[in-house]
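Peer 1: Turn this into a model:
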Amino acid sequence: MKSLNKIFLAGAGVLTMTLYSFSVAAQKKDWEEIESVEIRIVKERQITLPKADRNFEKIPPRASEPIKPPITYEFRSFSFQAPQLTPAIRPLKLKADTKTPVYGSYIRAGYGNYGTPLLEAYLNNRRDKNKLLGAHLFHTSSAKGPVDGKNSGNGLTGISLYGRSLSEDVAVSGSLDFENQFTHFYGYPKGLEVDEDTLRQSFKLFKLSGDVSNAKNSEFAYKLGAGFSHLSDKFDAQEWEVDINFKSAYELDEKSRIDFRADFALITRKDSEVEAKPRSLFTLAPAYSFEAIENLKVSVGAIMAFENDTIDSKDVHFYPDLKAQYPISPSVDLVGTITGGIEKVSLQSLVHENLWLAPNVGVFHTNTFDFGLGINARVGNKVAVHSGLALSNLKNWYNFVTSPEDQSKFVTVYDEGSVRRTNVYAALNYAPSELAKFMIRGDVYKYIAGDLPEVWHRPTYKVTVHGSYNIVEKIILTADLIAQGGMKAYDPATDATIKLDGAFDLNAKAEYIFSPSFSAFAQFNNITSNQYPIYLNYPVRGFQFLAGITWSF
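Peer 2: Numbering: from 1, shown residues only. I've put the predicted structure just below:
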């Protein structure tokens, strides 16, 4: 590149010198005529070089050399024989199936104030899904009561034998029961000298019953039962009762069903001055249940009753039997009913309410007609609320009134008119867990008597509270509260209606579980010691205490 530049510069210099010489010569030749000359030097030459060729010579591969000595392969058959092995195998032994203890029986014993022993036993066979055999024994008594010590003692002793057998299609059950209950007529005037032998009253009740039914669910369900009972007291009262009951249901489809019920009762009674003719009551109640419109469940039926009570001139009675249920929301149901019937009344049912009946009391059935409207609500799986209104028309309704001859005994007085009863109620059930439960119910009643001036020995309000709590599955606490009042009674001695004091009864119980088979308990009744009257002249005991143990096996 440097040599080329030198040649270029040299050429330029020669050209310059030549032009300069030519100019000087011209000047000399024509000095007077010098013209301006413009000289342009245009450099258009480009220096280009040819591309160089590069020749790369590949390295030739190295010639392979033979392996010495050459590799040879030889295949031979191989035979292997292991020595005989006899291992000592120890099979895994499973543990014996230890059955979970099932406590189908228990014995409970205790003792409390007022000279109150308690003995109760349930005895049942265990681990047999096809049959159940058992017995229940019970005894409790109080040597003393609220009035004059032994003159107001009472007690109850009972024994029950029962059994149930299941086959593939049929279930058969039966029971044999006996009860002996005693009390005293302690409603006599204060300071009156009485003969203790004339105060004691006792009732003996014998029952025999059985039934047959389906053993599993099917389209046609039925249950046929029959029973016999005999009641007698210390005096001359006796009553025999035969009951036959049949109930069935046939499902037409998922939304419709036919129900049928038939009941028959035959009652014969004899007393010191009364030998009543047999009283019969036969009831038929067919019904058809279906879904009238979407979500509206309706049951349409009728109740026909045939009876021969002498207090009623009619032997045949007919009542509608209508029921409807409609969900206002997914958790709230509206329920309505219109129904009626003949309510069976016997000496046995009267004694169950009032133990201090006089001899030869009147016993007649009650004619009822009922209308009800209620709401059932659910809040999750823990809260259930029930409230509603019930209106009843009661004909031949019995009242307990003090006997004119003896104020310690009661007679029955029947209102042959129509007694109108209004009942407004509300109930709340709350179960936050399996270990805790709470229930409260309140009722308000209003009565309008028929032929009688008042409705006697019936409360106008009632509140019931129950709660239980299991602490760490060891301590079980329960509490009950019963409050009622507004009862009125008729006193023949003064020919006046008396308003009875209200009742307030608070009870509590604590049980400590030492083991699955053994526990101890302490029970407190009427903690406030409120000696409210059950009936006129009949107060209850004050504070009561009972403690004992329970053994399960």
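Peer 1: So what sits opposite S515 in the bridge?
Peer 2: Using DSSP bridges, the beta-bridge partners of S515 come out as F518.
Peer 1: Can you list the buried residues in stretch 188-200?
Peer 2: Residues 188, 199 are the ones in stretch 188-200 that count as buried (16 or more other CB atoms under 10 Å). For glycine as for every other residue, the C-beta is placed from the backbone atoms N, C-alpha and C.
Peer 1: any residues touching it, and which ones?
Peer 2: Contacts with stretch 188-200, where a contact means CB atoms under 8 Å, 6 or more residues apart in numbering, come from 150-151, 182-186, 234, 406-408, 537.
Peer 1: could these be laid out in a markdown table, adding distance to R269, neighbour count and secondary structure?
Peer 2: Formatted as a markdown table, the entries for those read as follows, by distance: CB to CB, whole Å; neighbours: other CB atoms under 10 Å; DSSP: H, G, I helix; E, B strand; the rest coil:
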| residue | distance to R269 | neighbour count | secondary structure |
| --- | --- | --- | --- |
| K150 | 31 | 15 | helix |
| N151 | 29 | 17 | helix |
| F182 | 21 | 18 | strand |
| T183 | 21 | 19 | strand |
| H184 | 24 | 24 | strand |
| F185 | 21 | 22 | coil |
| Y186 | 26 | 22 | coil |
| K234 | 16 | 12 | coil |
| D406 | 21 | 15 | coil |
| Q407 | 25 | 18 | coil |
| S408 | 23 | 20 | coil |
| N537 | 27 | 20 | coil |
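Peer 1: Next, the buried residues of the helix or strand that contains F138.
Peer 2: Assigned by DSSP states H and E, F138 falls within strand 131-142. Neighbour-count burial for strand 131-142, with 16+ other CB under 10 Å as criterion, is recorded at 132, 134, 136, 138-142.
Peer 1: Compile the contacts of stretch 188-200 into CSV and extend it with columns for distance to G225 and pLDDT.
Peer 2: What follows is the contacts of stretch 188-200, written out as CSV (distance: CB to CB, whole Å; pLDDT from 0 to 100):
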residue, distance to G225, pLDDT
K150, 41, 94
N151, 41, 94
F182, 30, 97
T183, 31, 97
H184, 36, 96
F185, 36, 97
Y186, 38, 96
K234, 31, 94
D406, 39, 93
Q407, 41, 94
S408, 38, 95
N537, 40, 95
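Peer 1: next structured bit after the strand or helix carrying A520?
Peer 2: Per DSSP H and E: A520 is located in strand 518-525. On the C-terminal side of strand 518-525, the nearest following helix or strand under DSSP H and E is strand 533-535.
Peer 1: Distance from the chain centre to that next one, please.
Peer 2: Between the centre of strand 533-535 and the centre of its host chain there is 33 Å, according to CA atoms, centre = their mean, to the nearest Å.
Peer 1: Please pull up the helix or strand immediately following that strand.
Peer 2: Beyond strand 533-535 in the direction of the C-terminus, DSSP H and E gives the next helix or strand as strand 538-539.
Peer 1: so after that following strand, what's the next helix or strand?
Peer 2: Sequence-wise, the next helix or strand beyond strand 538-539 is strand 544-552, with elements assigned using DSSP H and E.
Peer 1: Give me the helices and strands touching that next one, please.
Peer 2: In this structure, strand 544-552 packs against strand 106-112, strand 116-124, strand 518-525, with contacts taken as 3 or more CB pairs under 8 Å, 6 or more residues apart in numbering; DSSP states H and E.
Peer 1: how does it look with 6 Å?
Peer 2: Judged by 3 or more CB pairs under 6 Å, 6 or more residues apart in numbering; DSSP states H and E, strand 544-552 is in contact with strand 106-112, strand 518-525.
Peer 1: what lines up beside it in the sheet?
Peer 2: For strand 544-552, the pairing partners within the sheet under DSSP bridges are strand 106-112 (antiparallel), strand 518-525 (antiparallel).
Peer 1: If we go by neighbour counts, what in the shortest one is buried?
Peer 2: Residues of strand 106-112 classed as buried: 106, 108, 110, 112 (neighbour count, 16+ other CB under 10 Å).
Peer 1: quick one, that strand and strand 116-124 angle?
Peer 2: Orientation note: strand 106-112 sits at an angle of 180 degrees relative to strand 116-124 (axes from the mean of the first three to the mean of the last three CA atoms, to 10 degrees).
Peer 1: Residues contacting strand 106-112, please?
Peer 2: 117-122, 545-548, 550-552 (CB atoms under 6 Å, 6 or more residues apart in numbering).
Peer 1: residues touching the residue lying closest to V363 once chain neighbours are set aside, list them.
Peer 2: Spatially, and ignoring its direct neighbours in sequence, V363 is nearest to L347 (5.5 Å; CB to CB, 6 or more residues apart in numbering). Neighbour list for L347: 239, 269, 363 [criterion: CB under 6 Å, 6+ apart].
Peer 1: Please flag which of the residues you listed sit within strands.
Peer 2: Among these, the members falling in strands are 239, 269 (criterion: DSSP state E).
Peer 1: The helix or strand T478 falls within: partners in the sheet, and parallel or antiparallel?
Peer 2: Following DSSP H and E, the helix or strand that holds T478 is strand 475-485. Strand 475-485 has the following sheet partners, assigned by DSSP bridges: strand 461-471 (antiparallel), strand 503-515 (antiparallel).
Peer 1: mind checking which of the ones you listed is nearest G210?
Peer 2: When these are ranked by proximity to G210, the top entry is strand 461-471, at 33.1 Å, counting by CB to CB.
Peer 1: tell me the mean pLDDT for the closest one?
Peer 2: In this model, strand 461-471 has an average pLDDT of 96.
Peer 1: List of residues touching that strand?
Peer 2: By CB under 6 Å, 6+ apart, the list of residues contacting strand 461-471 from outside reads 435-444, 476-484, 486.
Peer 1: element containing the spatially closest residue to A496 that is not a sequence neighbour?
Peer 2: Nearest in space to A496, with sequence neighbours left out and distances taken as CB to CB, 6+ apart, is Y490 at 7.7 Å. Taking DSSP H and E as the criterion, Y490 maps to strand 488-491.
Peer 1: strands paired with that strand, and their directions?
Peer 2: Using DSSP bridges, the neighbouring strands of strand 488-491 in the sheet come out as strand 496-499 (antiparallel).
Peer 1: Check the offset of the strand it pairs with from the chain's centre.
Peer 2: Relative to the centre of its chain, strand 496-499 is centred 42 Å away, using CA atoms, centre = their mean.
Peer 1: swap in stretch 475-488?
Peer 2: 21 Å.
Peer 1: Flag the helix or strand of this structure with the lowest per-element mean pLDDT.
Peer 2: The least trusted helix or strand in the chain, going by mean pLDDT, DSSP states H and E, turns out to be helix 2-29, with a mean of 43.
Peer 1: Okay, and the beta partners of G158?
Peer 2: With DSSP bridges as the criterion, the beta-bridge partners of G158 are F138, E179.
Peer 1: pLDDT at it, what is it?
Peer 2: According to the model, G158 carries a pLDDT of 98.
Peer 1: Would you agree it is in contact with E179?
Peer 2: Yes: checked against CB atoms under 6 Å, the pair G158 and E179 is within contact range at 4.2 Å.
Peer 1: So which residues make contact with the strand holding F138?
Peer 2: 114, 116, 118-125, 153-165.
Peer 1: Can you check the pLDDT for the closest residue to N530 other than its chain neighbours?
Peer 2: Ranked by CB to CB, 6+ apart and with sequence neighbours excluded, the top spatial neighbour of N530 is F504, at 4.9 Å. Note for F504: predicted pLDDT of 96.
Peer 1: Please apply the same query to the one 3 residues further on.
Peer 2: Here the pLDDT value assigned to N507 is 98.
Peer 1: Return the residues in contact with it.
Peer 2: 480, 525.
Peer 1: Just name whatever secondary elements the longest strand seen in the chain is in contact with.
Peer 2: The single longest strand within the chain, with elements called by DSSP E, is strand 410-433. Secondary-structure packing of strand 410-433 (3+ CB pairs under 6 Å, 6+ apart): strand 383-402, strand 436-448.
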